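# what shape does this take:
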Amino acid sequence: MRSVVLFPGLAPTSFAAIGDFLARSGPGRRRIAAADEVLGYSLLAAFRDAGAGQWAVYDCAYLACTLALADHLHDQLDGPAGFAAEQLEPPVACAGLSFGGFPAAVYAGGLDYADAIGLVSRSAARQARFLAELPEPAGCHFFYRLDRATVEEIVAELREAGRWIEISADLGLSVHAVSGTMQTLELVRQRVSERGGSPIYTMDRPQHCAAMAELRDELGEQVYPDARFRPPAIPVVSDVDGSLVRSATQLSWTLLQGWTEPVHIQITLDALIRHRIERVYLVGPRTMFGRLLGGLFDVVVVSPETVLAGALPLRRDEVGVLR
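Sure, this is the predicted structure:
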């Protein structure tokens, strides 16, 4: 059975949801301590007390959590002697959706954790300054129960009215996201409801849209060069084009493109199917992605809940690496 580790994108995650795992688990404490050294402050305390707009704190805490979960999975895969009969061989590749590309880069060996924490923190700070200079507050609204054609109709209507709006994500299960000004996103909420859809939440920063091109270029020139990218030890499935990322340059480029390229989950799913993947280790705080993947792959959810409960069903698989 060929398997991959998949890191889902950044989802609204509170201290109440993952703080216990970060504070109680060995991998969580180690990841937090390492992040503290880079950041120069207590990430766990900052996360506990963080308010709206403290993106660097939320992003770094999410990164620490996902990689601590991956550490736990890795420990289980290598296994103590008692798990020898159930031990798994290493996954053949990893993948990351949206922000999940950062933990994927670290997991694959293409980026040191300390560099990833620095990259995420500095990028969030630059993004905050960039958005503060926009004429109007902007964000990204997620909603579901509408098909792609209906979403495109809403976007076309608002563009015809002279408003900036872009489709940022198509996440399957009729879940979509659009970016625009906060005023425009309120109109989106109204239209989504009128057409029978259901709003989920609004982020206070745009995501995966062409309006971030200037920020992407600034990060590419002034922030990303400080991160020491290297060829990943295992391939990373790009959520931009579905290719297998094998070089340091390609890895950096893929993460940068994520600032402006909309997320289409079908690109990643098609790549996994093309490479005959049968099992997906879904690593991160609980999201709806388990439901989406369940009909296509054998899914093992590695979340704070499953780890703290000791509920990771593992069994031995075949060895292999994507070629």
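# any low-confidence regions in the stretch 1-150 of the chain?
79-89 (pLDDT under 70).
# and the strands in it?
3-7, 93-96, 138-144 (DSSP state E, counting those that start in this stretch).
# tabulate the ones you listed (a markdown table), appending distance to residue 173 and mean neighbour count.
C-beta coordinates here come from the backbone N, C-alpha and C atoms, glycine included. Listed next are the strands of the stretch 1-150 of the chain as a markdown table, based on distance: least, CB to CB, whole Å; neighbours: other CB atoms under 10 Å:
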| stretch | distance to residue 173 | mean neighbour count |
| --- | --- | --- |
| strand 3-7 | 16 | 28 |
| strand 93-96 | 18 | 28 |
| strand 138-144 | 7 | 21 |
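# and those strands: which comes nearest residue 255?
strand 93-96 (8.8 Å; CB to CB).
# ok, and what's touching that closest one?
4-7, 9, 102-105, 107-108, 234-237, 239, 244, 268, 271-272, 275, 277, 321-322 (CB atoms under 8 Å, 6 or more residues apart in numbering).
# that older thread, closest one to residue 308 among the strands of the stretch 1-150 of the chain?
Per CB to CB, nearest to residue 308 of these: strand 3-7, 19.1 Å.
# output the contacting helices and strands for that closest one.
helix 55-78, strand 93-96, helix 101-107, strand 279-283 (3 or more CB pairs under 8 Å, 6 or more residues apart in numbering; DSSP states H and E).
# how far out from the middle of the chain is that strand?
From the chain centre to the centre of strand 3-7 is a distance of 12 Å (CA atoms, centre = their mean, to the nearest Å).
# again with stretch 205-224
Using CA atoms, centre = their mean, the mean C-alpha position of stretch 205-224 is found 17 Å from that of the whole chain.
# other residues contacting it?
55, 98, 119, 122-123, 126-127, 130-131, 138-140, 164, 166, 168-169, 177, 179-180, 252, 255-263.
# now restrict those to buried residues only.
55, 98, 119, 122-123, 126-127, 130-131, 138-140, 164, 166, 168-169, 177, 179-180, 252, 255-263 (16 or more other CB atoms under 10 Å).
# tell me how far the closest residue to residue 61 other than its chain neighbours lies from residue 55.
Nearest residue to residue 61, sequence neighbours excluded (CB to CB, 6 or more residues apart in numbering): residue 47, at 4.2 Å. Look at residue 47 and residue 55: by CB to CB, to the nearest Å, they are 12 Å apart.
# overlap of the contact sets of those two?
By CB under 8 Å, 6+ apart, no residue touches both residue 47 and residue 55.
# neighbours around residue 221, how many?
Using other CB atoms under 10 Å, residue 221 has 9 neighbouring residues.
# now swap in the one 5 residues further on and tell me
Here the number of neighbours of residue 226 (other CB under 10 Å) works out to 10.
# and the gap between the nearest residue to it once chain neighbours are set aside and residue 259?
Nearest residue to residue 226, sequence neighbours excluded (CB to CB, 6+ apart): residue 118, at 7.2 Å. The gap separating residue 118 from residue 259 is 17 Å, by CB to CB.
# residues contacting residue 247?
residue 231.
# over to the one 5 residues further on?
Each residue near residue 252 by CB under 8 Å, 6+ apart is listed here: 224, 227, 229.
# doesn't residue 110 make contact with the second one?
What it means is residue 227. No - between residue 227 and residue 110 there is no contact under CB atoms under 8 Å: 10.0 Å.
# what about those two, which has more around it?
Set residue 227 next to residue 110 and count neighbours by other CB under 10 Å: residue 110 wins out with 28 against 21.
# ok, for the more buried one, nearest residue in space, not its chain neighbours?
Using CB to CB, 6+ apart, the nearest residue to residue 110 is residue 232, at 3.6 Å.
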